[in-house]
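*Asks:* give the three-dimensional model of this entry:
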Amino acid sequence: MRQFLIFIVGGIFGVTGGFAIGIFVYPYIFLADIVADEQLQNAAEKQIVATGTFIHADPSDPIHYGKGGVTVYEDALQTHADFEVGPGPKYHVYLVPDASVTPDTAVDATMYVDLGRLRAFKGSQVFNIPAGLDLKTYKSVVIWCEQFGVLITPAALSFK
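*Replies:* Purely as a prediction, here's the structure:
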């Protein structure tokens with residue numbers, strides 16, 4: 001009976017540990033080297049609403065960082081070719097009303113707009129903005145980890 005109990009407990013710890021390691025290791029192994037190169041069609045004809053630069057919000061945290069530019073158009077948001085974030089699970093692009101977003105900001109408790117999941121941790125990506133959205137009420141773009149509810153990187157927007 002004791003050996004059976006040890007077997008069951010060991011199996012539970014093994015499956016749980018393997019799953020946890022998989023969540024953290026998978027993005028580094030399979031997704032970290034993918035560089036997106038999406039281009040917004042007719043970008044030259046579209047009016048730029050705002051621009052911003054992603055920052056490393058908490059320099060003491062080497063895992064959650066970001067850098068690079070972002071441009072907001074009337075109907076789309078585009079990260080620039082120099083965009084980069086540290087890899088992780090379930091990163092989403094949010095428009096948030098706060099002008100200054102810090103790691104202490106309760107982003108998930110604000111009236112954010114989810115533009116979709118990141119498709120790569122580096123490079124240019126395009127996200128559609130829902131029609132009828134008053135962009136002037138959203139002062140920042142944020143990369144947010146939905147899996148763990150963690151701020152990865154914010155970009156305060158400068159409106160044109």
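*Asks:* can you tell me how far the residue nearest to residue 38 when sequence neighbours are not counted sits from residue 7?
*Replies:* Of all residues not flanking residue 38 in the chain, residue 126 sits nearest, at 4.7 Å (CB to CB, 6 or more residues apart in numbering). The way it works is simple: take the backbone N, C-alpha and C, and place the C-beta from them, glycine included. Per CB to CB, to the nearest Å, residue 126 is found 51 Å from residue 7.
*Asks:* do residue 39 as well
*Replies:* 55 Å.
*Asks:* just residue 115 next, same as before
*Replies:* For residue 115, the distance to residue 7 - CB to CB - is 47 Å.
*Asks:* so for the two, which sits in the more crowded spot?
*Replies:* Neighbours per residue (other CB atoms under 10 Å) separate residue 115 from residue 7, with residue 115 holding more: 19 against 10.
*Asks:* quick check, the more buried one in contact with residue 127.
*Replies:* Yes: taking contacts as CB atoms under 8 Å, residue 115 lies within contact range of residue 127: 3.9 Å.
*Asks:* which residues are common contacts for those two?
*Replies:* Shared contacts of residue 115 and residue 127 (CB atoms under 8 Å, 6 or more residues apart in numbering): 77, 93.
*Asks:* what about stretch 48-67, how long is it end to end?
*Replies:* One end of stretch 48-67 sits 20 Å from the other (CA to CA, to the nearest Å).
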